[in-house]
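**Q** got a predicted structure plus its sequence, pasted below:
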Amino acid sequence: YDSVPATVTSYYAPGGATNQAGNTITRLMADDIDMIDAFAGQQITSFAFTLVNANTTSVSFRPRVRFYGLPGTTATTLGNVIQGYTLNPVTMTANSATTYTVNIGPGLNVPNDFFLWAGMTFDNNVGATGASAAQLNNIGWAVGQPSVGTSDDLFFQTTAAGSFFANNPTGGYLFFNGNPPANFAFRLNAVPEPASMIALGAGLLAIMRRRRAA
């Protein structure tokens, strides 16, 4: 799955930053990711996302990424949490967009239904980064349309702020009336098992032979 754009033209900030026991954190927003139908069960080795700092000054903050499964049992819940990653703090210059790539070890695999929700929330690492609530509210996720895989024209946003490493966070589904489609810049890479690679290679060889013959 890949929806990371070459050029960022728009973004959305979840906002709602709240001090929770000394850690100021935003609401969580999540986009649906429908991967290409290949390599179910294989390990996801990296993901990438594009963020925007809409502040007029540099801001240091901590991105927190959450993956969820199918939507929850009601129209106001997201789904069951699959895996979560609290990343090291990053510093973004004023009015900038940056794509971050995160290499990961075992723990996150391609679901059998090829479907995930990727969620993002931002905090100030219990005050260590120095980011204020107002600054965190101006950190957003860049809009990006899929070039590999698909995504519906909607996203989910939690009602309250928090890290939400739990099942069925409460919130609602939003969109931009199609202008632009409500999809965000995210990329997932998975590596197939060696046996799958051998089968894929054999398939490519057969295609090459047919092309040579035909």
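**A** Sure, I can see it. Residues are numbered from 1 along each chain as shown.
**Q** where in this protein is pLDDT low?
**A** The model of the chain has pLDDT under 70 over residues 72-73, 192-214.
**Q** which residues in it form strands?
**A** According to DSSP state E, the chain carries its strands in the segments 11-12, 18-20, 23-25, 27-34, 44-53, 59-68, 81-86, 90-92, 96-103, 115-123, 139-142, 155-161, 171-174, 186-190.
**Q** mind putting the ones you listed into a markdown table with mean neighbour count?
**A** C-beta: built from backbone N, CA, C; applies to glycine. A markdown table is the format used below for these (neighbours: other CB atoms under 10 Å):
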| stretch | mean neighbour count |
| --- | --- |
| strand 11-12 | 20 |
| strand 18-20 | 14 |
| strand 23-25 | 22 |
| strand 27-34 | 24 |
| strand 44-53 | 21 |
| strand 59-68 | 22 |
| strand 81-86 | 16 |
| strand 90-92 | 16 |
| strand 96-103 | 14 |
| strand 115-123 | 25 |
| strand 139-142 | 25 |
| strand 155-161 | 20 |
| strand 171-174 | 16 |
| strand 186-190 | 21 |
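**Q** figure out which of these is closest to residue 149.
**A** Among the strands of the chain, strand 27-34 comes nearest to residue 149, with 5.6 Å by CB to CB.
**Q** who's in contact with the most centrally placed residue in the chain?
**A** For the chain, the residue sitting closest to the mean C-alpha position, by CA atoms, centre = their mean, is residue 118 at 3.9 Å. Neighbour list for residue 118: 30-31, 33, 47, 49, 65-67, 184, 186, 188 [criterion: CB atoms under 8 Å, 6 or more residues apart in numbering].
**Q** output those in TSV; the columns should cover distance to residue 156.
**A** Putting those into TSV (distance: CB to CB, whole Å) gives the following:
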residue	distance to residue 156
30	5
31	8
33	12
47	18
49	16
65	14
66	11
67	13
184	11
186	14
188	18
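**Q** out of the residues you listed, who's nearest residue 114?
**A** The shortest approach to residue 114 among those belongs to residue 33, at 8.7 Å (CB to CB).
**Q** look up how far residue 167 lies from the closest one.
**A** Separation of residue 33 from residue 167 (CB to CB, to the nearest Å): 18 Å.
**Q** also residue 83?
**A** Applying CB to CB, the value for residue 83 to residue 167 is 13 Å.
**Q** identify the bridge partners of the closest residue in space to residue 25 that isn't next to it in sequence.
**A** Excluding the flanking residues, the one nearest residue 25 by CB to CB, 6 or more residues apart in numbering is residue 123, at 3.8 Å. With beta bridges defined as DSSP bridges, residue 123 has these partners: residue 25, residue 62.
**Q** which residues touch residue 123?
**A** Residues in contact with residue 123 (CB under 8 Å, 6+ apart) are 23-26, 61-62, 64, 136, 163.
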